[in-house]
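Participant: just need the structure, nothing else, for what follows:
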Amino acid sequence: MNSNADPRYKGYRGKTRELLAAQGVQVWSDVEIHSTKGVFSGIILPRSENADQYHVVIKMASGYNVGIRADTITRIVQRGFREAHYQIPEREFPRDESKPNVVLFGTGGTIASRLDYRTGAVIPAFSPGELYGSVPELADICNLRTEKLYSVFSENMGPQQWVGLAGKVGEAIRQGADGVVIGHGTDTMHHTAAILSFMVQNPPIPVVMVGSQRSSDRPSSDAASNLVNATLTAAKSDIAEVMVCMFGPTSDLYDLLHQGTRVRKMHSSYRSTFRTIGDVPLARVDRNGVKPIRTDYNRRRADRQVTIDPAFDDRVSIVYYYPGMKPDIIESLIDNGYKGIVIAGTGLGHVNQPLYPVLKRARDMGVHVFMTVQTLWGYVQMYVYETGRDLMDLGVIPAGNMLPEVAYMKLCWALGHSHQREEVQRIMLTPIAREITLREPHDGYLILQGGLPEVEEFIGRYRR
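Facilitator: Predicted coordinates for the structure are as follows:
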């Protein structure tokens, strides 16, 4: 029998399947595994078809998964069997007319979930009753309505989803919502936050994006904390902006509210991965409320007026410059009909001389080229060196301190309105949501370099 077709050994093949069969155990067996690396206890999980054939994977009581190489295992003792058909506890979400009304839109990111021990999948909780069963604190904050718009990994978010999401946010505002929360995968959350900042302008209420770096079946999950803080922000904060709510420090002391055009994911797995770049966050938020850090944000209003402008032309690309780059990369974009290019250049906004002729061709072909800096912090300043001045003469336009992904999103949005060169330049260089600022604050660029005695002393005071 094909090992993948046999539910007893789902995903296991070769020597790992032989080992499980010889030891008289199978998937969902509650076991104690003795190996040359130690003794491990937990439930044998199924494996995907693409997983290697060398490890037995168990979920330990701590909630973490561990893989044990089959060739190190000396004995497996079965203590029980746990094929659970998990259902998220569901309770009717209580309604209180004195509380604010919040709408939660789902796009596919896991907000609150549990592990299904039958399939090994993480089941998302999304209905109000499921969320109340998983995160009962939400009922202390607001009346919650949920709507699942999409069910995609965040890398599959695109123009269709962004346009639809902007329309739904506008609809919720006009129908009287006191706040909007958007559940989203973290990998491209900053892209969606940027485009929503242009598509949903001057909202009268908070529009808060939230996600989770670690799924809810893990003890270190940030899902519930982020969701509570995002919902509290949407319900009670007076900050009427498109923003991202995610962990501040690595502990769960508070979340930070980041402006949608100045935020970026900066670490692949840290819970405190989102950082405001070139500025300071809007506010801190914890169970006690929202504590503004800056004061120049848009305030909550009683009206229902909002500008929904979902224009978008996806014939735009980001090009990350590297030394030795050849012109054929730009040539291929021109030849394939791209109408906009955002370059993440070196230093103050530079590329090498071999690209000059093709950049001139791009201008002559009506392609709009904007320069950002791959340093992320700081401004494009192309007038300082000869290279920058030459590039501006070729039609490359400096984009201030816009982040590369934000410039990409704004150029897509701008080209959705016009392809006329002067108008596109006007739209791109006119700030809408602090995507370009006049200056960075003195504390807008802080990177703590580990290993230095003064930094280690400072971190040691607050490490938890």
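
Participant: domains of the chain?
Facilitator: 7-81, 101-308, 316-429 (automatic domain parsing).

Participant: tell me where the stretch 301-450 of the chain has strands.
Facilitator: With DSSP state E, counting those that start in this stretch applied, the stretch 301-450 of the chain shows strands at 307-308, 316-320, 340-345, 368-373, 397-398, listed in chain order.

Participant: so which of these comes closest to residue 75?
Facilitator: Nearest of the strands of the stretch 301-450 of the chain to residue 75, taken as CB to CB: strand 316-320 at 51.5 Å. Every residue, glycine included, has its C-beta placed from N, CA and C.

Participant: parallel or antiparallel, list what pairs with the closest one.
Facilitator: If you go by DSSP bridges, strand 316-320 pairs up with strand 340-345 (parallel).

Participant: what's next to the strand it pairs with, contact-wise?
Facilitator: 313, 315-321, 330, 333, 349, 351, 362, 367-374, 380, 396, 399, 404, 407-408, 411-412, 414-415 (CB atoms under 8 Å, 6 or more residues apart in numbering).

Participant: distance check, the spatially closest residue to residue 67 that is not a sequence neighbour against residue 30.
Facilitator: Nearest residue to residue 67, sequence neighbours excluded (CB to CB, 6 or more residues apart in numbering): residue 55, at 3.7 Å. Distance of residue 55 to residue 30, computed by CB to CB, to the nearest Å: 18 Å.

Participant: for residue 237, same thing?
Facilitator: From residue 237 across to residue 30, the span is 45 Å (CB to CB).

Participant: mind checking which of these two has more residues around it?
Facilitator: Using other CB atoms under 10 Å, the more surrounded residue of residue 237 and residue 30 is residue 237, with 25 against 17.

Participant: could you look up the SS state of the residue lying closest to that one once chain neighbours are set aside?
Facilitator: Nearest residue to residue 237, sequence neighbours excluded (CB to CB, 6+ apart): residue 290, at 4.3 Å. Under the three-state scheme (DSSP: H, G, I helix; E, B strand; the rest coil), residue 290 adopts strand.

Participant: circling back: type out the PyMOL command that picks the buried ones from the contacts of strand 340-345.
Facilitator: In PyMOL, this line selects whichever of the contacts of strand 340-345 come out buried by 16 or more other CB atoms under 10 Å:
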select buried, resi 313+315+316+317+319+321+330+333+349+351+362+367+368+369+370+371+372+373+380+396+399+404+407+408+411+412+414+415
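
Participant: return the distance of residue 185 relative to residue 156.
Facilitator: 9 Å.

Participant: between those two, what contacts are shared?
Facilitator: Counting by CB under 8 Å, 6+ apart, the shared contacts of residue 185 and residue 156 are residue 108.

Participant: if you count surrounding residues, which of these two has more?
Facilitator: Between residue 185 and residue 156, counted using other CB under 10 Å, the more crowded position is residue 185 (19 against 13).

Participant: how about the contacts made by the closest residue to that one other than its chain neighbours?
Facilitator: Leaving aside its chain neighbours, residue 185 sits nearest to residue 154 (2.8 Å; criterion: CB to CB, 6+ apart). Shown in contact with residue 154 (CB under 8 Å, 6+ apart): 107-109, 184-189, 192, 211.

Participant: buried stuff in stretch 348-365?
Facilitator: For stretch 348-365, by 16+ other CB under 10 Å, it's 348-351, 355-356, 358-359, 361-363.

Participant: quote the end-to-end distance of it.
Facilitator: 26 Å (CA to CA, to the nearest Å).

Participant: can you check stretch 93-107 too?
Facilitator: 21 Å.

Participant: how far out from the middle of the chain is it?
Facilitator: 23 Å (CA atoms, centre = their mean, to the nearest Å).

Participant: i'd like the first residue to be 24 from this point on
Facilitator: With 24 as the first residue, the last one maps to stretch 116-130.

Participant: I'd like the average pLDDT over that stretch.
Facilitator: Mean pLDDT, stretch 116-130: 93.

Participant: buried ones in that stretch?
Facilitator: Buried, per 16+ other CB under 10 Å, within stretch 116-130: 116, 122-130.

Participant: now do the helices in the protein.
Facilitator: 37-46, 151-157, 182-197, 212-222, 246-259, 351-358, 379-387, 409-416, 427-438, 444-452, 476-485 (DSSP state H).
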